[in-house]
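**Student:** Here is my input; please provide its structure:
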Amino acid sequence: MRTAIPEEPLGSTGKSIPLVGFGTVEYPLNEAFKERVLHAIKLGYRHFDTAAAYPSEQPLGEALTEALRLGLVQSGDELFITSKLWLTDSYRGRVIPGLQKTLKTLGLEYLDLYLVHFPVSLILEATCPVKPEDIRSFDYEGVWEEMEKCQELGPTKKKGVSNFTCKKLERLLATMLLQKFILLSISWR
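**Tutor:** Numbering: from 1, shown residues only. Have a look, this model is predicted:
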């Protein structure tokens, strides 16, 4: 039996975000994962939250493909998929390739919501557990500019952040305001 999950409009996208989502972080990944996702879809879940760092990203994509094949959903537009940029891709020049890798892993053309997972960067070779020497400072301006491009180019409908403290959100907002001010200044010339 499918339960109707309440939704809220998401800006000017014409799409709504289901207010209850199905989180997909799982360590270690269980063989029954795909079946749980299919069962969740049968119950009415339409919002699935994943991340590049989760080992469940590929099986989630496979389950979504299977749900379409089985007719549990008629199109991918009925689903709302959120994923997150991993810390090794939290650099200018790496955000868009990080999103493209996520889309390929999930087997999707776009995400409904793409989030910066944490306000920190790691060296490319970093592994979990993270070592202190692998941590780098977060480039607010560079990463956010690339998140803007992800939305402008279409591989994500909306962008955002997760795991940011109030202080880090304030810093990001200040960066965004400065970028808009610079663009306005250039356009007036």
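**Student:** three-state assignment of the residue nearest the centre of the chain?
**Tutor:** Centroid-nearest residue in the chain: residue 83, 2.4 Å away (criterion: CA atoms, centre = their mean). On the three-state scheme (DSSP: H, G, I helix; E, B strand; the rest coil), residue 83 is labelled strand.
**Student:** I'd assumed residue 60 was in contact with it.
**Tutor:** No - here residue 83 lies out of contact with residue 60, judged by CB atoms under 8 Å, at a distance of 9.2 Å. Heads up, the C-betas are built off the backbone N, CA and C, glycines and all.
**Student:** Spell out which residues sit in contact with residue 66, please.
**Tutor:** The neighbours of residue 66, taking CB atoms under 8 Å, 6 or more residues apart in numbering as the test, are 34, 38.
**Student:** From the chain's centroid, how far away is the helix or strand harbouring it?
**Tutor:** In this structure, residue 66 is located in helix 57-70 according to DSSP states H and E. Distance of helix 57-70 from the chain centroid (CA atoms, centre = their mean, to the nearest Å) equals 17 Å.
**Student:** Same question for stretch 105-115.
**Tutor:** On CA atoms, centre = their mean, the centre of stretch 105-115 falls 7 Å from the chain's centre.
**Student:** now the end-to-end length of it.
**Tutor:** Between the opening and closing residues of stretch 105-115 lies a distance of 16 Å (CA to CA, to the nearest Å).
**Student:** Show me which residues of that stretch are buried.
**Tutor:** 105-106, 108, 111-115 (16 or more other CB atoms under 10 Å).
**Student:** So which of the residues you listed sit within helices?
**Tutor:** 105-106 (DSSP state H).
**Student:** average pLDDT across the helix holding residue 66?
**Tutor:** Averaged over helix 57-70, pLDDT sits at 96.
**Student:** Tell me which residues of it come out buried.
**Tutor:** Result for helix 57-70 [16+ other CB under 10 Å]: buried residues 57, 59-61, 63-64, 67-68.
**Student:** just stretch 27-39 next, same as before
**Tutor:** For stretch 27-39, by 16+ other CB under 10 Å, it's 33-34, 36-38.
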